[in-house]
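Novice: only geometry, no sequence info:
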């Protein structure tokens, strides 16, 4: 039974048996992510004091300007996961292709691949707004001991064995699931330890917050426009409150605690949506479903979507179950 103020290490050990693959590798993998998150958190908190804010002068595979902290976080997570010899492959939103780990060692038995968005919302760094890290873990489908292949990463979200995020905000929290509920751990910076602060996190079935970039309103499908108007009408417990941080981790985290819906629909500017299925939508969908919420592309369950490429984009509606279902109703109509 989860106990408040239990350390993350204690929680992992105590709950290892509830995970259907009890080899201990997944526990070591979560511990590696914890370590990398603490290193990145240390740098994020120095933004403005040292030369780590602003653009790095490069673009990533999506054609977006990379921030210096994007590059730093990407390097730290890849380095930590690789050096600890736990995973057989890594895919990052910041990398063109997946990374094969231990391909030269014929005896390696690593079974897991990690997909990661090292620094979600990094454009907010310069203005001191919360950012985060998102991660997703799968068991490989190709034979153990061989180099990983693309199909190890192009798995449906329903095949995830763990997913989570780290939010670097007023406090730093690591929130994750292994398919047995969602738990949140807050970092005590004085001693560098994560403590269970939010056991068994749940989305309220209804909420009063809608999160969408309304600056793109004119480009949205009619169903989304109609739903936004519905959110703004004075009727029943409406109008809802509009809250949009522009960092998926931060918006999701607030909505899970307070109740709400996050929307990044397709538009005339982004015909497939803007968020990445593998690095952002699948892990957040897994967390949402484990926390009594729902995640959809407006018509279908996110975790049922068959991926076709590493950097695939998709529309995303996620949050309190009744709110997502109401948005889907407007989309269908």
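Specialist: Here it is on my side, so go on. Since the structure is predicted, the reported quantities are computational estimates derived from the model, not experimental observations. Numbers count the residues shown, from 1 in each chain.

Novice: which helices and strands sit right next to the host helix or strand of residue 327?
Specialist: Assigned by DSSP states H and E, residue 327 belongs to helix 321-332. For helix 321-332, the packing partners by 3 or more Cβ pairs under 8 Å, 6 or more residues apart in numbering; DSSP states H and E come out as helix 222-232, strand 260-264, strand 293-296, strand 316-320. From N, CA and C alone the C-beta is placed, and that goes for glycine too.

Novice: Which strands or helices does the last one pack on?
Specialist: I take that to be strand 316-320. Partner elements for strand 316-320 (3+ Cβ pairs under 8 Å, 6+ apart): helix 248-258, strand 260-264, helix 282-290, strand 293-296, helix 321-332.

Novice: Grab the most central residue of this protein for me.
Specialist: residue 134 (3.3 Å; Cα atoms, centre = their mean).

Novice: Which of the helices and strands packed on strand 316-320 sits closest to residue 111?
Specialist: Closest approach to residue 111 among the helices and strands packed on strand 316-320 (Cβ to Cβ): helix 282-290, 18.5 Å.

Novice: The closest one - what's its average pLDDT?
Specialist: Per-region confidence: helix 282-290 scores 98 on mean pLDDT.

Novice: From the contact counts, what lies against it?
Specialist: strand 131-139, strand 162-168, strand 172-177, helix 248-258, strand 293-296, strand 316-320.

Novice: just to revisit the earlier point, so which of the helices and strands packed on helix 321-332 is the most packed in?
Specialist: strand 316-320 (a mean of 28; mean count of other Cβ atoms under 10 Å).

Novice: Touching that one from outside, list them.
Specialist: 203-207, 211, 252, 255-256, 259-265, 273, 275, 280-281, 284-285, 288, 293-298, 302, 324, 327-328 (Cβ atoms under 8 Å, 6 or more residues apart in numbering).

Novice: Next: stretch 305-313.
Specialist: 61-62, 91, 93, 97-98, 150, 153-157, 270, 272-278, 297, 314.

Novice: Next one: residue 42, what pLDDT does it get?
Specialist: Per the predicted model, pLDDT is 83 at residue 42.

Novice: What is the neighbour count of it?
Specialist: By other Cβ atoms under 10 Å, 13 other residues sit near residue 42.

Novice: can you count the residues close to residue 99?
Specialist: 17.

Novice: contacting residues for it?
Specialist: Here residue 99 is in contact with 78, 82, 89-92 (criterion: Cβ under 8 Å, 6+ apart).

Novice: Sketch out the low-pLDDT regions of the protein for me.
Specialist: Applying pLDDT under 70 to the chain flags the ranges 1-2, 18-23, 46-67, 103-107.

Novice: How is it divided into domains?
Specialist: Here the domain parsing of the chain from automatic domain parsing is 8-198, 209-332.

Novice: Let's verify residue 30: helix, strand, or coil?
Specialist: helix (DSSP: H, G, I helix; E, B strand; the rest coil).

Novice: isn't it right up against residue 176?
Specialist: Yes. Counting by Cβ atoms under 8 Å, residue 30 does reach residue 176; the two are 6.7 Å apart.

Novice: Now for those two: what residues contact both?
Specialist: Common contacts of residue 30 and residue 176 (Cβ under 8 Å, 6+ apart): residue 162.

Novice: which residues of the stretch 51-200 of the chain fall in helices?
Specialist: 68-83 (DSSP state H, counting those that start in this stretch).

Novice: re earlier: now the contacts of residue 99: which count as buried?
Specialist: 78, 89-92 (16 or more other Cβ atoms under 10 Å).

Novice: can you list the residues you listed in CSV and add distance to residue 237?
Specialist: Listed next are the buried ones among the contacts of residue 99 as CSV, based on distance: Cβ to Cβ, whole Å:
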residue, distance to residue 237
78, 45
89, 46
90, 44
91, 41
92, 41
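
Novice: and of these, the nearest to residue 161?
Specialist: Minimum distance to residue 161 across the buried ones among the contacts of residue 99 is 14.2 Å, recorded for residue 89 (Cβ to Cβ).

Novice: Now do the contacts for that closest one.
Specialist: 98-101, 113-114, 140, 148, 152-153.

Novice: Give the stretch among the helices and strands packed on helix 282-290 with the greatest mean number of neighbours.
Specialist: Per-stretch averages of neighbours, counted by mean count of other Cβ under 10 Å, single out strand 316-320 among the helices and strands packed on helix 282-290, with a mean of 28.
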